[in-house]
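A.B. asks: Sequence and predicted structure are below.
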Amino acid sequence: MKRNEAREQAFLLLFSGAFHPDCSAEELIDNVSEAGEYESDAYTLRLINGVMDNEQQLDEVITAKLNKWKLSRLPKTSLAILRLGTYEILYCEDVLDSVAINEAVELAKRFGSPKDYAFINGVLGNIARSKTCE
């Protein structure tokens, strides 16, 4: 499986997790696997577990970069994409920040509303720039 496909799988699982906040990563995967819609991949598992294990820290980083927005007001699709992109920027040293941002933008174009991708691009760009300044 290509990494962009793994990201899409991770996004879909994270998005479904927004509606099942008490489910673990394994439970989400089991639920989707039973429906026959999931193909297991190591990178997908790394992303899902990483986002879920670091959700509070990721939300703090995202919140710090939201301009006049609150995390609770974001669409669930945007929040899942932002968490995924932020995780890759902060924790995946084998992924360039520009690749993480571009992939998040592509997910937003595919699954979000028409203006989501620009918003996501701006927030993740700010996160990446602040990371390099530290």
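C.D. replies: Perfect, thanks for sending it.
A.B. asks: Packing partners of the worst-scoring helix or strand of the chain on mean pLDDT?
C.D. replies: Within the chain, no helix or strand scores below helix 25-34, which has a mean of 72 by mean pLDDT, DSSP states H and E. Under the contact criterion of 3 or more C-beta pairs under 8 Å, 6 or more residues apart in numbering; DSSP states H and E, helix 25-34 touches helix 3-17, helix 42-53. Quick note: C-beta positions are derived from backbone N, CA and C, even for glycine.
A.B. asks: can you list the weak-confidence ranges in this protein?
C.D. replies: Residue ranges of the chain with pLDDT under 70: 32-40, 132-134.
A.B. asks: same thing but 90
C.D. replies: 1, 9, 12-13, 16-42, 44-45, 67-69, 72, 114, 131-134 (pLDDT under 90).
A.B. asks: Go ahead and flag the most central residue of it.
C.D. replies: Central residue of the chain (C-alpha atoms, centre = their mean): residue 84, 1.8 Å from the mean position.
A.B. asks: what residues are up against it?
C.D. replies: 7, 10-11, 14, 47, 51, 104, 107 (C-beta atoms under 8 Å, 6 or more residues apart in numbering).
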